[in-house]
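> I would like to see how this sequence folds:
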Amino acid sequence: MAGSVPIVALSALDLRDRIAGGELRAAQVAEAYLEQIRLREPQVQAFAWIDPDYVMHQATEADRFRATGRPIGPLHGVPVALKDIIDTARIPTENAAALDKGRVPTKDAVIVERLKRAGAILLGKTVTTELAYLAPGRTTNPANPAHTPGGSSQGSAAAVAAHMTPLAIGTQTGGSVIRPASFCGVVGYKPTFGAIARTGILPQSQSLDTVGVFARTATDAALLAEVIWGADAGDPQSISQPFPRLVAIAQDKPPVAPTFAFLRPHGWDKADPQVHAAFAELSEALGDQCFEVELPEEFSRGLAWREVINHAEMARAYFRYGEASDLLAPETIEALQKGNATLARDYLTALDWQQALSGGLDKLFDRCDAILTPAALGPAPAGLGSTGSAIFNGLWTLIGTPAVTLPLFEAEDGLPMGVQMVAARHRDGRLLRTANWLMDWAERPEGDI
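Okay, the predicted model is just below:
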């Protein structure tokens, strides 16, 4: 407990500040989360690997270091869970693949090196789908174990939702940050493509793979993203840019109330009627701050172009797995077959469209701070045989815009439904600031804008 609030209910930022100020010890925090894992993990099954002794060793060392009086990092003593496609030295990283069973890297991924320099506690590795594609893992939805937690970053989203970690890292190639966050009822943030280097992370699609984060608040998401932000020579598509002050910007009050563009995306007719009703209510409540928009017809083809790129690049990246196809799930085999059958002409055309569509939203973003659009077709579907549809996510992954899920809605059966917000490329700070504004606004008395 921290005062009257359980430690596992505190925000990551609050934990960081209390540890830095001496009000909490890193060991206390680690013990609290390990106890929560003991209680929730048997049902949720979010972790692919965890070693309580290793967690407590890191926490004890963090407390010992702080006692020396030397400067500490921005995540000192704060636990972080990692999707099990992110390499961790001397810790298993098995990619949920039979061919990688027992694989133990000798080197940390770049983002793991950054976490360690920031003082974070590596809590464990989270369950992913096979090779971060579609074949589901064993994780269940913390809100209802009979429902899917979502896509390939399912373990990371579920661990945060079940209060088994304050922060977690995942990746998105289609919708695997935004959709699991929506299904599980947490904040999921996918930065601008290339903002966070992927060196040491299982590559699936070099033109689409994006590192993302999970948290319970937009500010916490900013805190984690800021620590792992930046380019690396090992990832030629990562972008060198000035270091962002994501936390400070996210906490800033906008100079004027934000303006939103409400978008009914391609596939809107397939969405649950509860999604239709929730967005109608939200846009009406925002009033003059929200206007409706339609995208040109060309954008409706974005999902198909994204799939062409994904499958073609996946066939190349996973060539060695394809040679042992008897060890792969049918979903993965089918994707590799599609990739192998893709014509060079179609792949290059898809890349051309990726660039064309990426620049096609500039005028819209001149008129608004962010687009409001669904994060998923509805609440998490029943059953664990599918991770749900990424129909509302793939376009934004294709064109590399930053996006964030906010847990603002709830279905009639109590399952979460998220709002997806999308901003212009490289406007990540503005997106997170606007996300904070919207979450605060949603909690105010009705009509108090």
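> Which secondary structure element is home to the spatially closest residue to Ala442 that is not a sequence neighbour?
Nearest residue to Ala442, sequence neighbours excluded (C-beta to C-beta, 6 or more residues apart in numbering): Leu408, at 5.4 Å. Any C-beta I mention is one placed from the backbone N, CA and C, and that applies to glycine too. Here Leu408 sits within strand 403-410, counting by DSSP states H and E.
> circling back: next, count neighbours for the residue nearest to Ala442.
Number of residues near Leu408 (other C-beta atoms under 10 Å) recorded here: 19.
> re the thing from before, in its sheet, what does the strand holding Leu408 sit against?
With DSSP bridges as the criterion, the sheet partners recorded for strand 403-410 are strand 187-190 (antiparallel), strand 416-422 (antiparallel).
> Let me know which of those is the nearest to Phe291.
Closest of those to Phe291 is strand 416-422, at 15.0 Å (criterion: C-beta to C-beta).
> just to revisit the earlier point, now the strand holding Leu408 - C-alpha only, PDB.
Presented in PDB, the C-alpha positions along strand 403-410 are these (Å, rounded to 0.1, in the frame of the first residue of the first chain):
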ATOM      1  CA  ALA A 403      -2.200   6.700 -33.000                       C
ATOM      2  CA  VAL A 404      -3.400   6.100 -29.400                       C
ATOM      3  CA  THR A 405      -6.300   4.100 -27.900                       C
ATOM      4  CA  LEU A 406      -8.200   5.700 -25.000                       C
ATOM      5  CA  PRO A 407     -10.400   3.400 -22.800                       C
ATOM      6  CA  LEU A 408     -13.500   5.700 -22.900                       C
ATOM      7  CA  PHE A 409     -16.400   3.400 -23.800                       C
ATOM      8  CA  GLU A 410     -17.900   0.300 -22.200                       C
END
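> quick one on the thing from earlier: just the strands paired with strand 403-410: most buried one?
A comparison of the strands paired with strand 403-410 by mean neighbour count, using mean count of other C-beta atoms under 10 Å, puts strand 187-190 on top with a mean of 30.
> That one: what's the following helix or strand?
Following strand 187-190 in sequence, per DSSP H and E, is strand 210-215.
> what sits up against that following strand?
The contact list for strand 210-215 (C-beta atoms under 8 Å, 6 or more residues apart in numbering) reads 12, 111, 153, 156-157, 159-160, 166-173, 176-178, 180-181, 186-191, 193, 196-198, 201, 221, 223-225, 228, 397, 400.
> Please apply the same query to stretch 302-310.
Residues outside stretch 302-310 that contact it (C-beta under 8 Å, 6+ apart): 173-174, 204-205, 207-208, 266, 335, 342, 346-347, 349-351, 353-354, 357, 391, 394-395, 397-399.
> hmm, back to that, reformat the strands paired with strand 403-410 as CSV; add mean pLDDT.
CSV is the format used below for the strands paired with strand 403-410 (pLDDT from 0 to 100):
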stretch, mean pLDDT
strand 187-190, 98
strand 416-422, 98
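> The ones you listed: which one's closest to Val44?
The minimum distance between Val44 and these falls on strand 416-422, with 14.6 Å, by C-beta to C-beta.
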